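**Q** I'd like to go over a predicted model; first the sequence, then the structure.
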Amino acid sequence: MIDYAVMFGFFAVSVALVLNLWRLLSGPSLMDRVLAIDTMVINSIALIILFGIQQRTTVFFESALLFAMFGFISTVAYCRFVLRGDVIE
Amino acid sequence: MSLALIVMLPFLGAVLPALMIRAGRGACAIATGSVTLLAFALLLTHVPAVLRGEVVQVGWEWLPALGLNVTFMLDGLGLLFAGLILGIGLLIIIYARFYLSKDDPMGAFYTYLLLFQGAMVGIVMSDNILLLLVFWELTSLSSFLLIGFWRHLPEGRQGARMALAVTGAGGLSMIAGMLILGNIAGSYELSVILQNRELIQASPLYLPALILILGGCFTKSAQFPFHFWLPHAMAAPTPVSAYLHSATMVKAGIFLMARMWPVLAGTDAWFYLVSTAGLATMVIAAWIALFKDDLKGLLAFSTVSHLGLVTMLFGFGTPMAAVAGVFHIINHASFKAALFMNAGIVDHETGTRDVKRLGGLLFLMPITATMAMIAAASMAGMPLLNGFLSKEMMLEEAAQTSWAGQGWIVPVLATLGAVFSVAYSFRYIVHVFFGPKRDDYPAKPHDPPAGLWLPPALLVALVVLIGLFPETFAGALVRVAAGAVIGAQVPDFHLSIWHGFTPALWMSVVAVVVGLTLLRLYPRVRALWQAGPHPEAKAMFDAVIDSVVLASRLLVLGLHNGSLQRYLAFMIGAAVVLGFAAFFGTTHAPGGRDTLPVGWAVMVPWVMLLATALLGVVLHRYRFVALIIIGVVGLVVSIGFVYLSAPDLALTQISVEVATVILILLALYFLPKSSPIESTNGRRLRDALLAGVGGLGVGALAWAVMTRDFATLSGYYLEQAKPAGGGTNVVNVILVDFRGFDTFGEIIVLGVAALAIFALLDGALRGRIARSLEGWVPDDPVSADRHPIMMVVVTRVMLPLALIVGVYIFLRGHNMPGGGFIAGLVVSIALIMQYMASGFGWAQQQMRVDYHAMIGAGVLIAAATGIAAMVMGYPFLTSAFDYFHLPIVGEFELTSAMPFDIGVFLTVVGAVMLALAQLSNMGLRLANLPVNTRPMDFDPAALRADGGKER
């Protein structure tokens, strides 16, 4: 049963990633692209967790943890750059 | 042992004057003098043994694999030279104390002098020729410092540079020659080489070795045509000239010729090369000396001439000529050092050393004049003085030498040299001290204080004593030194004033008569000289140097034009050509390994990678967009590491991505936001081709490797990680244990890189770049909210969580994915968050940590771990681990790799933070905004403190 759930998860996340990719490629504004990569990070976390469930291992958990903790930092940095120019002022 | 101490004392003592100068100039001079005196006294303790004909030796192995050993020996020749170097050195130290003015940095002067002295003593006492070369180079370097001592004078700097260039080039030639010589003889020990005369002279490499070694000797001893640097070195303070050009530096070449005499001399090549160079130098330099108006210039060319004389004598290759050469070294050192000091006195007391402005000083400076007359008369070769004796012996040898079958050439030219020598020596006496008294001296002349005239007076006394009683005062030394030069039985000789009516006596008479006549007719002779050509050696030297600089600049700039695209094109192009040539040069079978299945969930990130890479190519001119795209590439690579079972790499990649993005964004703030189009279509096509072919090549290579089975090192590490390293995370065990030394090197590099970034940006904040950035304004409109409340709150909450994650990842590192490097990155990012939220100035005030010190502490802790292993008797960085049991905690493991990992952690945090902090510091300075006193622009806590007025 869990395998089917994971399969479905993979499918859903993959579709989401493809849509993110579309947003990244087409833009049109800078913020669209920034949001695209931010969402991609979120979906990647899902991907990694799903992969861990599928493989019955916890060894990838920390990767997901780091993504969750720091993924937004890049986004914040991009935004600060757009808003203020200087990331650390 | 004391032999090595003689060499080491001047080096060890070189710190003394630099320290003692604080106690005054007198104390400084006394300290310096004591060092030299001690070395001289140590040398004297060996005199009895050396005079008995023994060779004192001492030595240790240094780098036996290279044949480089610290071995010293003292024989007669070494004793003679070491005695001259230390003895005259002592006199020079006294003289310099009174010569240097209050403005001259005397401590530095004596330090240079002692370094030079040590290097010279090292040359004359080395038994190993590689060690000798080391000291040889040291004399070039330390003499550079001495000659350029008055660095405010352009002549001093140029003279020093020229001396360094010429003697340095000679040193290179010498190295090559010595290596060849050592190769022929099969040993670099002089004592072995000197026993192998037949072997060396029979070798086909004898001639190249000879020419190369002579190249070093001739440049050092200022032999024609390399003589030109010596007169320019006269820009040095007079004590330096007196020391370098009478007894030491220029005698080093002579010394080496004497040292190598037993193995190199006696062939036709030696005779023609050495005696011809010596003869030409002797005559030409003496002729030029006659027309030099600068006293030191006159003495400089006279020195060159006398060096030529000695070189010629060694060139003759006969034992008796070698005896004469050795004797003349002693005599020349004594009268020439005295004369240089004398010229210095004249310069010091009258304010000029231009002969044309001098004259009539005899009764104004009687002591100085008396000493000058004795020393110069000795230089002229007048009887009853020591110069006469060795010059007689030289003329005697010259009279017996035939050059290319012509018996008259050498005697006639030698006499001619003697004629000029008499003329310029007497010119020194007559034109400076005789003639009418003048009233236009720049200063009022009078005899100097005793400190200035006593040292030369001692030498003048020696001149007279050796002149009168040669056998008593110099006989033994000459015999033992000549014995060392000849290496066999010394011919039976007796140093005496009267040899009967020999040809040499008549040649001397001719020299004196003609020389004095020349001086009497000086104006006419000078007019004759004025009419002739005067090749300017300095101009020629400068022209040569300029053309060399131009040529190398053309070459370097031709290859290295500063274009990154160009370097990449050449590098990748070379790799592509080599790779494809190798690939098509042989046959290949396809790999037989089964490929892994690819699921559709894996295809999605793969498509993302392809698409973003392509997008990056298209949009790379929009730098910000390109940066976002690179972020996606990094993301996919991280997922790839997870999928391909490399969780350590994934963790590292994720954290590195974040730090990199922030770093580049910080830099991008100061850069144009889009790249201009500078390349032509042709060049872009070339680059596209190169990139395409290179990428395909690498891809194919990776494919080829992955479709084949091969043995890797992984198996060994996987097996040994637990039993040998005490950890189950192989990656971490490799980093901190198996390849700990590599990691140690890497963290040092990381720290150095961070410091370099700091230094470069710190420099940029001052100077030209800072001025050009001052007028700089941000090119995009900016939001008013500098420190948004939401971000401040979130990052503050995140900080402890992130730090806990950092500790967790650090602690589990040895057995599970993690470790000091990743933990360092995690903690760095946690800190950077605070900097981003509340600004650099505010966050820096809260972080009371010096990142420089952090880097240093990290490297030191890692090093201490390694050294602890050494203390226990194991090799550097050997690790140990054991299991312990504590109540509540349970069983746990402690490894010595843990503190090492702490070192890695600290270095990483320090390096990342230092680089980021400095970059943002730069932005802060440019923005000219005040440092905020509160963490955020709108602070609710501040409102509450105000009594909630706004509520």
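**A** Noted; the coordinates are in hand. Residues are numbered from 1 along each chain as shown, chains lettered A, B, ... in the order given.
**Q** residues in contact with the residue in the stretch 351-500 of chain B that chain A sits nearest to?
**A** Closest approach between the stretch 351-500 of chain B and chain A, counting by Cβ to the nearest Cβ: residue B:351, at 63.5 Å. From N, CA and C alone the C-beta is placed, and that goes for glycine too. By Cβ atoms under 8 Å, 6 or more residues apart in numbering or on different chains, the residues touching residue B:351 are B:441, B:442, B:443.
**Q** in chain B, what residue is nearest chain A?
**A** For chain B, Cβ to the nearest Cβ, closest residue to chain A: residue B:920, 3.6 Å.
**Q** identify the residue spatially nearest to that residue, adjacent ones excluded.
**A** The shortest distance from residue B:920 to any non-neighbouring residue, by Cβ to Cβ, 6 or more residues apart in numbering or on different chains, is to residue A:88 (3.6 Å).
**Q** now residue B:939
**A** residue B:789 (7.6 Å).
**Q** now do the contacts for the one you found.
**A** B:936, B:937, B:938, B:939, B:940 are the contacts of residue B:789 under Cβ under 8 Å, 6+ apart.
**Q** buried residues in stretch B:158-172?
**A** Going by neighbour count (16 or more other Cβ atoms under 10 Å in any protein chain shown), the buried part of stretch B:158-172 is B:158-168, B:170-171.
**Q** near chain A, from the residues you listed?
**A** Among these, no residue lies close to chain A (Cβ under 8 Å from any Cβ of the partner chain).
**Q** hang on, the earlier thing: any chance of the contacts of residue B:789 in TSV, plus pLDDT, neighbour count and secondary structure?
**A** Listed next are the contacts of residue B:789 as TSV, based on pLDDT from 0 to 100; neighbours: other Cβ atoms under 10 Å in any protein chain shown; DSSP: H, G, I helix; E, B strand; the rest coil:
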residue	pLDDT	neighbour count	secondary structure
B:936	75	23	coil
B:937	72	15	coil
B:938	71	12	coil
B:939	70	16	coil
B:940	71	12	helix
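**Q** so where is chain A shaky, pLDDT-wise?
**A** Of all residues in chain A, none has pLDDT under 70.
**Q** for the residue lying closest to residue B:364 once chain neighbours are set aside, helix, strand, or coil?
**A** Nearest residue to residue B:364 in three dimensions, chain neighbours excluded: residue B:445, at 4.4 Å (Cβ to Cβ, 6+ apart). Classification of residue B:445 using DSSP: H, G, I helix; E, B strand; the rest coil returns coil.
**Q** can you say which helix or strand has the most centrally placed residue in chain B in it?
**A** In chain B, the C-alpha nearest the mean C-alpha coordinate belongs to residue B:141, at 8.1 Å (Cα atoms, centre = their mean). Secondary structure from DSSP states H and E places residue B:141 in helix B:129-147.
**Q** now the next helix or strand along the chain from that helix: average pLDDT?
**A** Per DSSP H and E, the first helix or strand lying C-terminal to helix B:129-147 is helix B:154-185. Averaging pLDDT along helix B:154-185 yields 90.
**Q** what about residue B:187, helix or strand, and which?
**A** Applying DSSP H and E, one finds residue B:187 in no helix or strand.
**Q** excluding chain neighbours, what is closest to it?
**A** Nearest non-adjacent residue to residue B:187, counting by Cβ to Cβ, 6+ apart: residue B:193, 6.5 Å away.
**Q** check contacts around the one you found.
**A** Contact analysis of residue B:193 by Cβ under 8 Å, 6+ apart lists B:129, B:181, B:182, B:185, B:187, B:200, B:263.
**Q** sorry, back to before: output the contacts of residue B:789 as JSON lines; include the columns distance to residue B:846.
**A** As requested, the contacts of residue B:789 are exported to JSON lines (distance: Cβ to Cβ, whole Å):
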{"residue": "B:936", "distance to residue B:846": "13"}
{"residue": "B:937", "distance to residue B:846": "17"}
{"residue": "B:938", "distance to residue B:846": "19"}
{"residue": "B:939", "distance to residue B:846": "15"}
{"residue": "B:940", "distance to residue B:846": "19"}
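**Q** max pairwise distance over those: which two?
**A** Across the contacts of residue B:789, no pair lies farther apart than B:937 and B:940, at 11.5 Å, counting by Cβ to Cβ.
**Q** isn't residue B:2 up against residue B:41?
**A** No - applying Cβ atoms under 8 Å, one finds residue B:2 not in contact with residue B:41, separated by 9.9 Å.
**Q** so these two - more neighbours on which side?
**A** residue B:2 (15 against 12; other Cβ atoms under 10 Å in any protein chain shown).
**Q** OK, contacts around the more buried one?
**A** Residue B:2 sits next to B:42, B:45, B:46 when contact means Cβ under 8 Å, 6+ apart.
**Q** of those, which is the most crowded?
**A** Among the contacts of residue B:2, the one with the most neighbours (other Cβ under 10 Å) is residue B:46, at 18 neighbours.
**Q** which strands or helices does the helix holding residue B:141 pack on?
**A** Applying 3 or more Cβ pairs under 8 Å, 6 or more residues apart in numbering or on different chains; DSSP states H and E, one finds that helix B:129-147 contacts strand B:68-74, helix B:106-125, helix B:154-185, helix B:190-193, helix B:249-264.
**Q** contact residues of the stretch 801-950 of chain B facing chain A?
**A** B:801-802, B:805, B:809, B:816-818, B:826, B:829, B:832-833, B:835-836, B:839-840, B:916, B:919-920, B:923-924, B:927, B:929.
**Q** quick one, helices of the stretch 301-450 of chain B?
**A** Assigned by DSSP state H, counting those that start in this stretch, the stretch 301-450 of chain B shows helices spanning B:319-350, B:366-380, B:386-399, B:409-433, B:450-468.
**Q** off-centre distance for the longest one?
**A** Here the centre of mass of C-alpha atoms in helix B:319-350, compared against the chain's by Cα atoms, centre = their mean, to the nearest Å, lies 32 Å away.
**Q** now the angle from that helix to helix B:409-433?
**A** 20 degrees (axes from the mean of the first three to the mean of the last three Cα atoms, to 10 degrees).
**Q** and what of the shortest one?
**A** Here helix B:386-399 points in a direction 160 degrees away from that of helix B:409-433 (the same axes, to 10 degrees).
**Q** chain center to helix B:386-399: distance?
**A** 42 Å.
**Q** for the residue in chain A positioned nearest to chain B, helix, strand, or coil?
**A** Proximity to chain B, evaluated over chain A using Cβ to the nearest Cβ, is greatest for residue A:88 at 3.6 Å. The three-state label given to residue A:88 by three-state DSSP is coil.
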